[in-house]
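Asks: Below are the sequence and a predicted model; questions follow.
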Amino acid sequence: MVSKVEICGVNTSKLPVYKDVEMKRMIEQIKGGDNEVRDEFIRGNLRLVLSVIQRFSNRGENPDDLFQVGCIGLIKALDNFDTSHNVRFSTYAVPMIIGEIRRYLRDNNSIRVSRSLRDTAYKALQSKEKLSRELQREPTITEIAKDLDLPREEIVLALDSIQDPISLFEPVFHDDGDAIYVMDQVKDTKNTDEKWMENISLKEALKKLTNREKHILTMRFFEGKTQMEVADEIGISQAQVSRLEKNALKYMRKYV
């Protein structure tokens, strides 16, 4: 997708490029109702859409579909852009395009989320945008919950449910050597094949012990009792418990 020249029938190598001064002039004409300039302006910013969709190239989505969705975000950005804020159009448009693409990916996600939960998430995102403008900073989850009059936990659950899934093979770090993937950070270090085989060996070894030896090892290593406590419970001396325990462990080591 990165090296693609034509997308959705548009030859991106032939798209016009406008400077900030030209774009400001064009926006003023568009606000005055000049639809011809509007079409020209949108065409001149399609490279912006193309640069944004490249961020989603590893999602396996059709680039033509993402490009069309990105164009919708571009048009929304143009319709809502306020020149009085004195910011570049691209600065305002990029988050709008990204938001539109993410919304599309969430709605077409193979992981299904209930409609009510998704609606709550969208309301929370709208509230976040509104509060960000009012507070001039990113609001906390508590502030969003208060604004929507909903429990904080419900907001957290809703926002978590629409997070974009990522591949286990997504690289998270790379420095000329081997890359570190998500899988390396979340892999199970407890339930490995080696541990599984070890557990089987231990179970088989325990079966070879006498009932008294099994009882002693269970109390000592699974219930955390001292040799003296074990001796009192089964009615033998502490020395006998120590000898039986030592013999049982020695046999198990040989077996394993």
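Replies: Right, received. Where do you want to start? Because the structure is a prediction, the values reported are computed rather than measured.

Asks: Contact partners for residue 232?
Replies: If you count contacts by C-beta atoms under 8 Å, 6 or more residues apart in numbering, residue 232 has none. Any C-beta I mention is one placed from the backbone N, CA and C, and that applies to glycine too.

Asks: quick one: what helix or strand has it in it?
Replies: helix 227-234 (DSSP states H and E).

Asks: Let me know the next secondary structure element after that helix.
Replies: Once the chain leaves helix 227-234, the next helix or strand it forms, by DSSP H and E, is helix 238-255.

Asks: Compute the inter-axis angle for that next one and helix 227-234.
Replies: If you take axes from the mean of the first three to the mean of the last three C-alpha atoms, to 10 degrees, helix 238-255 sits at 100 degrees to helix 227-234.

Asks: Could you list the buried residues of helix 238-255?
Replies: For helix 238-255, the neighbour count (16 or more other C-beta atoms under 10 Å) marks 240-241, 244-245, 248-249, 252 as buried.

Asks: and that helix, what other elements does it pack with?
Replies: helix 193-207, helix 211-217, helix 227-234 (3 or more C-beta pairs under 8 Å, 6 or more residues apart in numbering; DSSP states H and E).

Asks: can you redo the ones you listed as CSV with distance to residue 94 and mean pLDDT?
Replies: Formatted as CSV, the helices and strands packed on helix 238-255 follow (distance: least, C-beta to C-beta, whole Å; pLDDT from 0 to 100):
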stretch, distance to residue 94, mean pLDDT
helix 193-207, 46, 75
helix 211-217, 64, 89
helix 227-234, 68, 90
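
Asks: right, so of these, which gets closest to residue 33?
Replies: Residue 33 lies closest, by C-beta to C-beta, to one member of the helices and strands packed on helix 238-255: helix 193-207, at 69.3 Å.

Asks: of the buried residues of helix 238-255, closest to residue 40?
Replies: Using C-beta to C-beta, the buried residues of helix 238-255 come closest to residue 40 at residue 252, 81.3 Å.

Asks: Against residue 213, how distant is the residue nearest to that closest one when sequence neighbours are not counted?
Replies: Distances taken as C-beta to C-beta, 6 or more residues apart in numbering place residue 205 nearest to residue 252, at 4.3 Å, with adjacent residues excluded. Distance of residue 205 to residue 213, computed by C-beta to C-beta, to the nearest Å: 11 Å.

Asks: same check, this time on residue 84
Replies: The gap separating residue 84 from residue 213 is 84 Å, by C-beta to C-beta.

Asks: what's the answer for residue 24, then?
Replies: Distance from residue 24 to residue 213, by C-beta to C-beta: 87 Å.

Asks: more crowded one of these two?
Replies: Taking other C-beta atoms under 10 Å, residue 24 and residue 213 do not tie; residue 213 has more neighbours (18 against 13).

Asks: Pull the contacting residues for the more buried one.
Replies: If you count contacts by C-beta under 8 Å, 6+ apart, residue 213 has them with 244-245, 247-248.

Asks: Looking at these, which two lie furthest apart in space?
Replies: Going by C-beta to C-beta, the pair spanning the contacts of residue 213 furthest: 245 and 247, at 7.4 Å.

Asks: could the buried residues of helix 238-255 be laid out in JSON lines, adding pLDDT and distance to residue 163?
Replies: Listed next are those as JSON lines, based on pLDDT from 0 to 100; distance: C-beta to C-beta, whole Å:
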{"residue": "240", "pLDDT": "91", "distance to residue 163": "59"}
{"residue": "241", "pLDDT": "90", "distance to residue 163": "54"}
{"residue": "244", "pLDDT": "91", "distance to residue 163": "55"}
{"residue": "245", "pLDDT": "90", "distance to residue 163": "51"}
{"residue": "248", "pLDDT": "88", "distance to residue 163": "50"}
{"residue": "249", "pLDDT": "88", "distance to residue 163": "48"}
{"residue": "252", "pLDDT": "82", "distance to residue 163": "47"}
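
Asks: Cool, thanks, signing off.
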